[in-house]
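Novice: sequence? don't have it. structure:
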């Protein structure tokens with residue numbers, strides 16, 4: 001079968017299309033024909049070496065497809081069923097070995113591409129607005145990169161909870177997308193001081209929570225945009241990791257809360273995984289949220305997908321279609 005392999009850490013050029021043996025599902029695993037694989041910033045962190053990986057490896061931790069073989073000691077899954085997953089490596093391939101412990105059945109009415117797009121970002125958005133900071137009616141949230149896949153999802157979910165959204169974007173087209181998702185106010189971060197604009201928009205109060213998946217380039221503005229005892233949820237680092245800083249600053253800025261959450265710690269049990277994935281799929285089926293597919297790529301275009309994502313040339317969710 002064909003798969004993307006990374007033999008050495010580096011830029012998008014290290015993504016190589018290779019012919020590899022079709023794996024056999026061992027105990028507790030499913031072999032799945034991959035219909036769609038999600039492209040996420042974590043893939044670029046692993047490819048570049050920012051997140052250590054054992055080389056060589058096949059990138060991609062999210063996808064959806066049809067089960068073609070079931071390993072021993074697997075209950076509740078059968079050949080022919082459609083499943084989706086996150087936090088399982090090796091999805092940039094025609095077939096993937098997926099631990100049954102992280103696989104979720106795709107309900108009728110949800111297509112494979114939407115299911116692949118929904119798992120990592122959908123469940124991440126779920127824990128951010130329900131567990132990291134439980135968004136309440138009347139609150140105001142600052143969402144960085146509001147026209148990206150995560151930004152559009154967070155905006156929809158925050159609005160569904162009766163809260164207000166201030167989004168940051170760089171272009172008129174991205175502003176249009178963020179407003180269509182429900183953003184109340186937009187700040188062009190390339191043209192304005194974000195913290196100053198937030199202060200003006202909130203009459204000097206600041207926002208209740210900042211959802212920041214950008215990291216290094218937005219961190220200072222994120223801290224400066226919070227109200228006293230506000231929460232900064234730093235869930236990604238698309239611009240690079242935040243440098244070390246003195247936690248005493250959280251005190252002087254108003255007893256702020258800073259957290260660096262990740263999905264793996266929010267689906268530690270089967271019950272929690274089923275809860276988060278189930279609610280995301282229910283929201284999709286009910287039309288409460290929509291996933292914007294910003295770009296699709298063939299397997300041999302994985303390099304271009306990473307280049308486009310890292311250059312911020314994209315909006316919505318990117319998928320590789322093996």
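Specialist: Received, thanks. Worth saying up front: this structure is predicted, and the values here are computed from it rather than measured.

Novice: In the stretch 1-150 of the chain, what residue spans correspond to strands?
Specialist: Assigned by DSSP state E, counting those that start in this stretch, the strands in the stretch 1-150 of the chain fall at 2-6, 15-19, 29-39, 63-70, 82-85, 95-99, 103-105, 140-143.

Novice: Can you tell me the element the residue nearest to residue 301 when sequence neighbours are not counted falls in?
Specialist: Using C-beta to C-beta, 6 or more residues apart in numbering and skipping residues adjacent in sequence, the residue nearest residue 301 is residue 320, 7.5 Å away. Glycine gets a C-beta too; all of them are placed from N, C-alpha and C. In this structure, residue 320 sits in strand 317-321 according to DSSP states H and E.

Novice: Check which helices and strands that strand sits against.
Specialist: strand 29-39, helix 112-127, strand 293-298, helix 302-310 (3 or more C-beta pairs under 8 Å, 6 or more residues apart in numbering; DSSP states H and E).

Novice: Report all helices and strands that the last one contacts.
Specialist: The reference is to helix 302-310. strand 15-19, strand 29-39, helix 41-48, strand 293-298, strand 317-321.

Novice: between these, which one is nearest to residue 260?
Specialist: Of all the helices and strands packed on helix 302-310, helix 41-48 sits nearest to residue 260, with 13.4 Å by C-beta to C-beta.

Novice: For the closest one, buried residues please.
Specialist: 41-48 (16 or more other C-beta atoms under 10 Å).

Novice: Run through who's touching that helix.
Specialist: Residues outside helix 41-48 that contact it (C-beta atoms under 8 Å, 6 or more residues apart in numbering): 6, 9-12, 14-15, 50-51, 53, 57, 59-61, 92, 120, 213, 236-238, 306, 309-310.

Novice: quick one: that helix to chain centroid distance?
Specialist: Centre-to-centre, helix 41-48 and its host chain are 12 Å apart (C-alpha atoms, centre = their mean, to the nearest Å).

Novice: ok, back up a step: need the helices and strands packed on helix 302-310 in a markdown table (columns: distance to residue 166 and mean pLDDT).
Specialist: Shown next, in a markdown table, are those (distance: least, C-beta to C-beta, whole Å; pLDDT from 0 to 100):
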| stretch | distance to residue 166 | mean pLDDT |
| --- | --- | --- |
| strand 15-19 | 36 | 98 |
| strand 29-39 | 27 | 98 |
| helix 41-48 | 22 | 94 |
| strand 293-298 | 22 | 94 |
| strand 317-321 | 22 | 95 |
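
Novice: can you put the strands of the stretch 1-150 of the chain in CSV and add distance to residue 199 and mean neighbour count?
Specialist: Listed next are the strands of the stretch 1-150 of the chain as CSV, based on distance: least, C-beta to C-beta, whole Å; neighbours: other C-beta atoms under 10 Å:
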stretch, distance to residue 199, mean neighbour count
strand 2-6, 44, 22
strand 15-19, 43, 15
strand 29-39, 35, 25
strand 63-70, 42, 22
strand 82-85, 41, 25
strand 95-99, 47, 22
strand 103-105, 42, 22
strand 140-143, 11, 28
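
Novice: And stretch 173-190, end to end?
Specialist: 14 Å (C-alpha to C-alpha, to the nearest Å).

Novice: measure stretch 56-64 end to end?
Specialist: So stretch 56-64: terminal residues 23 Å apart, C-alpha to C-alpha.

Novice: Distance of the residue lying closest to residue 90 once chain neighbours are set aside relative to residue 146?
Specialist: Using C-beta to C-beta, 6+ apart and skipping residues adjacent in sequence, the residue nearest residue 90 is residue 58, 4.3 Å away. Noted for residue 58: a distance of 32 Å to residue 146, by C-beta to C-beta, to the nearest Å.

Novice: for residue 266, same thing?
Specialist: Separation of residue 266 from residue 146 (C-beta to C-beta) stands at 22 Å.

Novice: between these two, which one's more packed in?
Specialist: residue 146 (28 against 18; other C-beta atoms under 10 Å).

Novice: OK, contacts around the more buried one?
Specialist: Going by C-beta under 8 Å, 6+ apart, the list of residues near residue 146 reads 152, 154-155, 165, 167-169, 174, 178, 181, 183, 186.
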